[in-house]
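> Okay, predicted coordinates and the sequence, questions at the end:
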Amino acid sequence: MLEYARWKYVVAVLVLLIATIYSLPNLYPQDTAVQISATRGGVVDEALKERVQGVLERSQIDFKAIGFDNNNLLVRLADPNTQIRAADTIRGEVGQGYVVALNLASTVPDWLTRIGADPMLLGLDLQGGVHFLMEVDQKAALETREVGFVDDVRSLLRDNRIGYSAVDRSGSGILIRLREASDRNAVAGLIGREVPQLLIQDGNEPAVLIAQLRETELKTIIDNAVEQNIGTLRNRINELGVADPVVQRQGANRIVVQLPGVQDTAQAKKILGATATLEYRAAVDGNAFDAAQSGRIPSDARLYYERGTNRPILLSRRIIASGDQLVDARSGFDPQSGSPMVSVTLNAAAGARMNEFTRDNVGRFMGVVYIERLPESRIVDGEEIRTTRVTEEVINYARINGVFGRKFQTTGLGSSSEAAELALLLRAGSLAAPVDIVEERIIGPSLGKENIERGWTAVSYAFIFVLVFFIFYYKVFGIVTNIALMLNLLLVVAAMSLIGATLTLPGLAGIALTVGLSVDANVLINERIREELRRGLPPQAAIAEGYDKASGTIWDANVTALLAGVALFAFGTGPVKGFAVTLCLGILTSIYTAVSVSRGVATLIYGGRRKIKRVLV
Amino acid sequence: MNIIPIDSNINFLRLRHVAMALAIFMLVGTFVLLGTKGLNYALDFTGGTVAELTFEHPADLDELRDKLDAAGYAGAVVQAFGSEMDVMVRLQSSEDAANITQTGDAVLTTLSTPENPATLVRSDFVGPQVGKELAQNGILASVFVMLGFVIYISMRFEWKFAVAAIVTTAFDLIATTGLFALSQREFDLTVMAGVMSVMGYSINDTIVVFDRVRENFKSLHKLNTAEILNRSVNQTLSRTVITSVVALLTVLALYLYGGDSLKGMAESQMFGIVIGTLSSIFIACPLLYWMGASKEDLIPKVRDDAELARRP
């Protein structure tokens, strides 16, 4: 019979309530804002707030509000034009030590944010910005590493007094030409033991061996190269001061970078493409704190500051090794003490200098300086001034515990994450893996605005067309269907907001299509009810039969459609993915709304023990 | 209100030879078109650069072309679109993938002058390798969708139904692609998403018809296969038509109000909805008929044996 359990009504009401709450944040418009965050040496505090407020008032720039937000200072402004003016003014006032970024500030009330209700993220096509797809130069990364292994093999042969005429890179790997063919097996065993990353194969001559990088080693090298680039890109994007940037790995060797709201792409590209380098320098005697305070720095030294702690450190002007000589840096654990460490490999030339240096300096300190050159442009009196900002920081300062050469370990690190961070910075400074931009998309802010308006207009019309059609065609059951459809739309929006999915223009198309697809379930039900009525079943029984019989079909039809959606998601990129997300969500929610909720509504109208003469369907 | 007369009883199966001939003609036509004209691949797949610029004053296209030539962009296509101020520039994909001066802001700096400054509305730069991979991913995704269909339908129905369903779906997919080869409309990533979603529509329609076929096979023992197929199509006809009309309405909204970037997608779907509906009736059912689907296919044999064994 036509019944609908009480608990199902409770569930339906709860679903409606939760969906409404989690869709709600999308209704709050965003304020244009300027965000000021501290970088090196800057502090976000009351004093900064007063300074910013002061300069805005002096320049007669109206602002809605000024306040702190997650350790940042946020100034809310009325429109994008004042936003840009305000940002320029504030930038001039606060100067170095702060990053001033254009941002959009949420106006969602606190209680909603606290329960995790946030608006959907807008894709670049809806808000404007830049999308880069970068490819890590695998060849360069492998080359550097192979050169390092050539050095390894040479010194291994030398140390074991095995004569060789050449050890060089060739197209197929490292070619080892021995003096005596009889040394072959000994060499193969030696390399297998000492340099397990290499796979030894026979060459075309008896005295020739070919050493190739193992598959796992290749993967590690590329993974490290990608990870290193993602790390440096993140750092630099922070410098750019972009709100909600995306830096993600895509596939084996690509990185997606999305910078919403960025317009000056040339500048953005320069900053992303900036290079970093490293310098190993010896410590210089003297009190660095005194030197920093008095400004009297010993003539053979330079004053540096340590990253994070800002501790002053005096280092020699002489460089022992530089970034381009660093072959590899990996974090791990010291086999003796079990404490985190970073093992570093230099090339042969730098190894020799390191050996020479450490022989005379055991027990003294050595520092690693990380140098980054960031291009900057500022507008001064209407003219653009391009400068390069050089930041030099000590990323590691440690005692030399013994004499070492090409390979050494840095220990005494606080945690394994600190070790990983140091290894990342060392690799970043080694220039081992340059990146190329293989895809770039720029969407102007006006186009983004246009897209979002068009998208929602299309969704609204799709919806209106369907609602009107159903009322005319199915009458009372048209209303039932429409209630289910509206709840479905609400559920899709709520689900997308909840999982933090990004809404794109094809995603909006997906929502419109969901409307079209999800009606199918309702049509199946309504047609089935008509059929059962024609067969002469009494109204309530016909409705119940209609729902029961249609459910199986709906299930099969939707599962197959869902399969298509999932495959689109798995293999799609960019717009295809956004489209697939909304399509899949729509299919899932429509099964519930069409099969269960609409039945509840129909039961409310036609259920109970009343005698019903006619069903309007 | 009814679009389809109650108790329609059209002999669809009688049209199977005509329908099949038409389908084969469309398939052959599509392959010929794909072989000769090919698809008008957008930059998403070919690689290259597209930049849309808006100038402050009307721009002289020839002058812009000369400027681009002088800057070393050989074969640049410069078109006006919308107004005289809006200009679209297309650059061929360069062999040298690392050549990043091919990007939108490079075009902007080349063409923008102090007298007639331009702003960048949109620009896309895609390296040639990336495009190739996108196309491959699309084909791979379609293959996996089909595989998924075969497995699921074989489990829920029977292999003959699975084969008929995916042949129908593949036909819809290919015919929709054929439309784009014929119209030479730009085939970009969004259109590809649209074409691939046609698979969803197509399978949806086919499954609904098959579901009824299965039900009728089980309940109507007296009728032969042809009668059951015809009856099933007739019974689901009004649902098929209404769903398609409603789906068409939503896609029409996309086409009318969604703007240029959604037009291609909407077109692929409009065509896909129509062809998907027709193929579920005129291709899927005849295929089932020719493969000799029967009620025995749907009743598990093991149970029969068990029942036989129980009899005295």
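Yes, it's here. Residues are numbered from 1 along each chain as shown, chains lettered A, B, ... in the order given.
> okay, now residue 201: neighbour count?
With no chain named, the answer covers chain A. By other CB atoms under 10 Å in any protein chain shown, 13 other residues sit near residue A:201. Where you see a C-beta, it was placed from the backbone N, CA and C, and this is true even at glycine.
> my bad, the chain I had in mind was chain B
29.
> list the contacts for it?
A:517, A:561, B:172, B:247, B:269, B:272-273, B:276 (CB atoms under 8 Å, 6 or more residues apart in numbering or on different chains).
> Please report the distance of it from residue B:166.
14 Å (CB to CB, to the nearest Å).
> cool, residue A:603 as well?
Distance from residue A:603 to residue B:166, by CB to CB: 38 Å.
> quick one on the thing from earlier: can you tell me which two in the contacts of residue B:201 are farthest apart?
A:517 and B:172 (15.4 Å; CB to CB).
> Now do the residue nearest in space to the middle of chain A against residue A:124, distance only.
Nearest to the geometric centre of chain A sits residue A:247, at 3.1 Å (CA atoms, centre = their mean). In this view, residue A:247 and residue A:124 are 14 Å apart by CB to CB.
> Please apply the same query to residue B:168.
In terms of CB to CB, residue B:168 sits 37 Å off from residue A:124.
> buried stuff in stretch A:394-411?
For stretch A:394-411, the neighbour count (16 or more other CB atoms under 10 Å in any protein chain shown) marks A:394-397, A:400, A:404-411 as buried.
> Can you flag which of those residues belong to helices?
Using DSSP state H, no member of the buried residues of stretch A:394-411 sits in helices.
> which element is residue 19 on?
Since no chain was named, I'll use chain A. helix A:6-23 (DSSP states H and E).
> actually chain B
Residue B:19 belongs to helix B:16-36, assigned by DSSP H and E.
> which intervals of the stretch 101-250 of chain B have sub-threshold pLDDT?
The model of the stretch 101-250 of chain B has pLDDT under 70 over residues B:101-102.
> Briefly note if the helix or strand in which residue A:236 is found comes near chain B.
Under the criterion of DSSP H and E, residue A:236 resides in helix A:215-240. No - Helix A:215-240 stays clear of chain B (CB under 8 Å from any CB of the partner chain), getting no nearer than 15.5 Å.
> then the very next helix or strand once past that helix to CSV, C-alphas only?
The helix or strand immediately downstream of helix A:215-240 is strand A:246-250, counting by DSSP H and E. Coordinates of each C-alpha in strand A:246-250 appear next as CSV, following Å, rounded to 0.1, in the frame of the first residue of the first chain:
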residue,chain,number,x,y,z
VAL,A,246,46.5,25.9,-6.0
VAL,A,247,49.8,24.1,-6.4
GLN,A,248,49.3,20.4,-7.2
ARG,A,249,51.1,17.5,-8.7
GLN,A,250,49.5,16.2,-11.9
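> What average pLDDT does strand A:246-250 get?
Computed over strand A:246-250, the mean pLDDT rounds to 86.
> got it, and stretch A:90-106?
78.
> Would you mark the buried spots in it?
A:90-91, A:93-94, A:98-106.
> now swap in stretch A:35-46 and tell me
Quick answer for stretch A:35-46 (16+ other CB under 10 Å): A:35-38, A:42, A:44.
> now do stretch A:129-136
With burial defined by 16+ other CB under 10 Å, the residues of stretch A:129-136 counted as buried are A:129-136.
> who's in contact with it?
A:124, A:222, A:225-226, A:229, A:233, A:250, A:253-262, A:265, A:268-269, A:272, A:433-443, A:448, B:127, B:130.
> Check the gap between the most centrally placed residue in chain B and residue B:131 for me.
Geometric centre of chain B, nearest residue: residue B:195, 2.0 Å, by CA atoms, centre = their mean. The gap separating residue B:195 from residue B:131 is 17 Å, by CB to CB.
> what are the ranges of the strands in the stretch 51-200 of chain A?
Remark: strands assigned in the stretch 51-200 of chain A by DSSP state E, counting those that start in this stretch are A:65-69, A:72-77, A:98-105, A:121-122, A:129-136, A:164-170, A:173-178, A:198-202.
> Which of those strands comes out lowest on mean pLDDT?
strand A:98-105 (a mean of 78).
> Direction-wise, compare that strand with strand A:72-77 and give the angle.
Put simply, strand A:98-105 runs at 50 degrees to strand A:72-77, going by axes from the mean of the first three to the mean of the last three CA atoms, to 10 degrees.
> distance between stretch A:56-74 and the chain's centre?
29 Å (CA atoms, centre = their mean, to the nearest Å).
> So which bits of that stretch are buried?
Here stretch A:56-74 shows A:56, A:61, A:63, A:66, A:72-74 as buried, counting by 16+ other CB under 10 Å.
> Make CSV from the residues you listed and add distance to residue A:467 to it.
Below are the buried residues of stretch A:56-74 laid out as CSV (distance: CB to CB, whole Å):
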residue, distance to residue A:467
A:56, 48
A:61, 46
A:63, 43
A:66, 45
A:72, 44
A:73, 47
A:74, 41
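> biggest separation within those, which pair?
Farthest pair in the buried residues of stretch A:56-74, by CB to CB: A:61 and A:72, 18.8 Å.
> Please name the nearest non-neighbouring residue to residue 64.
This is for chain A. Once flanking residues are discounted, residue A:64 sits nearest to residue A:76: 4.1 Å by CB to CB, 6 or more residues apart in numbering or on different chains.
> You answered for a different chain; I wanted chain B.
residue B:78 (5.0 Å).
> Pretty sure that neighbour sits in a strand.
Yes - under DSSP: H, G, I helix; E, B strand; the rest coil, residue B:78 falls within a strand.
> dump the residue contacts of it.
Taking CB under 8 Å, 6+ apart as the definition, contacts of residue B:78 comprise B:61, B:64-65, B:68, B:87-90.
> Check residue B:123 too.
So residue B:123 contacts A:440-442, B:49-52, B:103-105, B:107-108 (CB under 8 Å, 6+ apart).
> Next one: residue B:277 relative to residue A:235, how far apart?
The value you get for residue B:277 to residue A:235, if CB to CB is used, is 54 Å.
> just residue A:94 next, same as before
Residue A:94 is 21 Å from residue A:235, by CB to CB.
> for residue B:291, same thing?
62 Å.
> Please enumerate the strands of the stretch 151-300 of chain B.
B:186-187.
> can you give me the helices in it?
Assigned by DSSP state H, counting those that start in this stretch, the stretch 151-300 of chain B shows helices spanning B:159-183, B:189-219, B:225-257, B:260-279, B:285-290, B:295-298.
> Name the stretch among these that sits most buried.
helix B:189-219 (a mean of 26; mean count of other CB atoms under 10 Å in any protein chain shown).
> got the angle for that one vs helix B:260-279?
20 degrees.
> quick check: angle from helix B:189-219 to helix B:225-257?
150 degrees.
> gap between helix B:189-219 and the chain center?
Taking mean C-alpha positions (CA atoms, centre = their mean), helix B:189-219 and its chain are 13 Å apart.
> again, but for stretch A:459-467
36 Å.
> Quick check: buried residues in that stretch?
Those would be A:459, A:461-463, A:465-467, for stretch A:459-467 by 16+ other CB under 10 Å.
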